[in-house]
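I'll drop the sequence and a predicted model, then ask my questions.
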Amino acid sequence: MPRVFSVQQINLIPLGINVFTILASLTASWISDSLKHARRWPIMAFGGVMATILPIALAATPVHPTHRAQRWVLYYLFAFTGCTAGVTWTMVNETSRQDPEKRAYVSAMMNAFAYIFTAWIPIFTFPTQQQPYIVTGNYVNAGFGFGMLCLALLIGFYSERDRKLATKTDAEAIREKSSSGSVASGL
């Protein structure tokens with residue numbers, strides 16, 4: 001006979017997902033801030049990969065499998081997708097630091113869309129009358145994850161391009177400064 005758990009005990013099970021999200025966020029922040037030549041966009045792309053693969057795996061596994069642990073592992077691994085939020089906000093602030101108005105608009109739009117998605121998308125993709133047998137919602141989640149991955153790769157492309165242009169511009173400025181200094185010293 002299977003063990004019977006109280007509602008209070010059952011409600012503690014998902015608590016580990018939040019702990020896992022916090023640890024993943026701290027790790028992602030440490031990697032993007034502390035490692036030499038670390039970039040922020042690969043962490044965002046990693047979150048997009050996880051947000052694409054894990055919902056598809058959840059949709060493909062039975063809701064009540066023989067071994068419940070496999071489904072819980074997928075739920076816990078899904079916490080990796082939440083580790084990108086802090087890194088994303090930091091990247092917006094870094095890339096817009098010279099233009100406070102742009103930073104304000106981008107941050108406001110990010111905040112607005114986050115609330116819109118959090119409030120409305122689950123109503124349509126995870127309707128309560130169909131719980132716990134939601135397969136379509138997981139596939140929709142995977143689609144958003146793929147969109148996140150594509151956006152992170154696009155951000156990475158433009159970020160690297162801007163970094164190379166800035167390095168090239170700095171090198172040209174140094175060359176120009178040194179050549180004008182040698183001309184002035186020759187007079």
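Sure, I can see it.

which regions of the chain sit below the pLDDT cut-off?
180-187 (pLDDT under 70).

quick one, what contacts the spatially most central residue of the chain?
Closest to where the C-alpha atoms of the chain average out (C-alpha atoms, centre = their mean) is Thr84, at 3.0 Å. Residues in contact with Thr84 (C-beta atoms under 8 Å, 6 or more residues apart in numbering) are Ala28, Ile43, Met44, Phe46, Gly47, Gly48, Met148, Ala152. Yep, even glycine has a C-beta here, placed from its N, CA and C like the rest.

buried stuff in the host helix or strand of it?
Here Thr84, judged by DSSP states H and E, is contained in helix 84-95. Neighbour-count burial for helix 84-95, with 16 or more other C-beta atoms under 10 Å as criterion, is recorded at Thr84, Ala85, Gly86, Val87, Thr88, Met91, Val92, Thr95.

which other helices and strands contact the helix or strand just after it?
Counting by DSSP H and E, the next helix or strand C-terminal to helix 84-95 is helix 100-125. Counting contacts by 3 or more C-beta pairs under 8 Å, 6 or more residues apart in numbering; DSSP states H and E, helix 100-125 packs against helix 84-95, helix 136-186.

Against which helices or strands is the last one packed?
With contacts defined as 3+ C-beta pairs under 8 Å, 6+ apart, the packing partners of helix 136-186 are helix 41-60, helix 84-95, helix 100-125.

If you count neighbours, what's buried in the last one?
Meaning helix 100-125. So for helix 100-125, counting by 16+ other C-beta under 10 Å, buried means Arg103, Thr125.

and what of stretch 159-173?
Ser159.

what sits up against it?
Residues contacting stretch 159-173 (C-beta under 8 Å, 6+ apart): Arg39, Arg40, Trp41, Thr95.
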